[in-house]
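Asks: My questions concern the predicted model and sequence given below.
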Amino acid sequence: MSDRKFLTRCLQLANYARGNTSPNPLVGALVVHQGRIIGEGYHHCAGEPHAEVMAIRSVKDLSLLPESTVYCSLEPCSHFGKTPPCSHLLVKYGVQRVVIGCLDPNPLVAGRGKAYLEEHGVQVDTYEAPEPFEALNKVFFTNLLKKRPYIALKWARSQDGYVDHIRESAEMPAASISGPLASINTHRLRAEYDGVLISAKTLVLDRPRLNLRYFGGKAPRPIIIGSNSIKIGPKELSVFQVSPLIVTKAVIPGFDCIEADPKDVDNWLPKLLEYGVDSVLVEGGPTLQSSFVRANLVDEFHEYISLETLGQGIPGIAINQYSTMMLGPDQYNKSIG
């Protein structure tokens, strides 16, 4: 019971840095002496000290460390990167027991941190229910194991199933479907993702800014999927505050472009990792979103259902199994995988 309690606190600590650690994982750590927390910390952002280092730094009496247990949400690292290995640090201070939430799938670690500790006489226990700790770093795990960004779809639809009017030009305004609480939640989601992806058609029709106006944090990078029939250039792309990344057959001078067939998602999607885009929120229309569903590339779904009806329009995609809550008058559905 006590291990679960202390590991739960590690999860809480790790979440303080949500949206700030990419491409590194979220990690929280505790130092516990005779059932009392004497140190805690978390990894704040890439390049800064790891959670175990922060936890040990917070301990006032280091002489207690050999009699303490260190709890980590993720296996301590064993390799030299921008910071020294945490497993070496724990051995240096004479820690005798370490409890980890789950193993690290990073090939540079992948059990090596646990093995190093055990080779130096440290008792290492891996928690029997690793699922919450794996879910904490769903983006990190997806990048390593699937070699692509973590993908989430987000859309809002009317009560009768439409996401917008049928529009042929920007002169006709988009349908107003979801309310202010849904907008705030959408901006919260954006803050958790490295990129927000839309089609060239959505860019031309809606001119979305894709920034964070209702929530704090780092704005995601706009990703635009080009089209053979819709031309975009500096004028259309000037709406963004963050420099966009364009997937296109024809390179646009002055902008970062992935030169590829936009329809060949299996080809260009892994290349987003090269631009530091480890997670993507797809906010484009149902045609674009359906292409990700058909390719079995969706890790998470976010759907808002309004009380409003449109009568006719563009049908949205549907999800069958989800958790639900109310955001004001709007129903918010979320589904993993």
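Replies: Cool, the structure landed.
Asks: tell me the domain ranges of this structure?
Replies: By the assignment in automatic domain parsing, the chain contains the domains 2-138, 147-336.
Asks: Now render these as a markdown table, adding mean pLDDT.
Replies: Shown next, in a markdown table, are the domains of the chain (pLDDT from 0 to 100):
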| stretch | mean pLDDT |
| --- | --- |
| domain 2-138 | 93 |
| domain 147-336 | 92 |
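Asks: just the strands in the stretch 151-300 of the chain please.
Replies: 162-164, 195-199, 221-225, 245-248, 256-259, 279-282, 300-305 (DSSP state E, counting those that start in this stretch).
Asks: quick one: terminal-to-terminal distance for stretch 255-274?
Replies: Distance between the two ends of stretch 255-274: 15 Å, counting by CA to CA, to the nearest Å.
Asks: So what touches it?
Replies: Residues outside stretch 255-274 that contact it (CB atoms under 8 Å, 6 or more residues apart in numbering) are 143, 147-149, 151, 195, 223, 225-227, 234, 237, 243-249, 251, 275, 280, 291-292, 295, 297. Bear in mind the C-beta positions are built from the backbone N, C-alpha and C, glycine included.
Asks: repeat that with 6 Å
Replies: Taking CB atoms under 6 Å, 6 or more residues apart in numbering as the criterion, the residues outside stretch 255-274 that touch it are 147, 148, 149, 225, 226, 245, 246, 247, 248, 251, 295.
Asks: Which one of the strands of the stretch 151-300 of the chain lies nearest to residue 25?
Replies: Each of these has some distance to residue 25 by CB to CB; the shortest is strand 279-282, at 12.3 Å.
Asks: CA atoms only for that closest one, dumped as CSV, please.
Replies: What follows is strand 279-282 as a C-alpha-only set of coordinates in CSV (Å, rounded to 0.1, in the frame of the first residue of the first chain):
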residue,chain,number,x,y,z
SER,A,279,2.9,14.7,-30.7
VAL,A,280,0.2,16.0,-33.0
LEU,A,281,-3.3,17.2,-32.4
VAL,A,282,-5.3,16.9,-35.7
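Asks: Now do that strand: which elements does it pack against?
Replies: When contacts are defined as 3 or more CB pairs under 6 Å, 6 or more residues apart in numbering; DSSP states H and E, strand 279-282 packs onto strand 150-157, strand 195-199.
Asks: Name the residues of stretch 65-77 that come out as buried.
Replies: 65, 68, 69, 70, 71, 72, 73, 74, 75, 76, 77 (16 or more other CB atoms under 10 Å).
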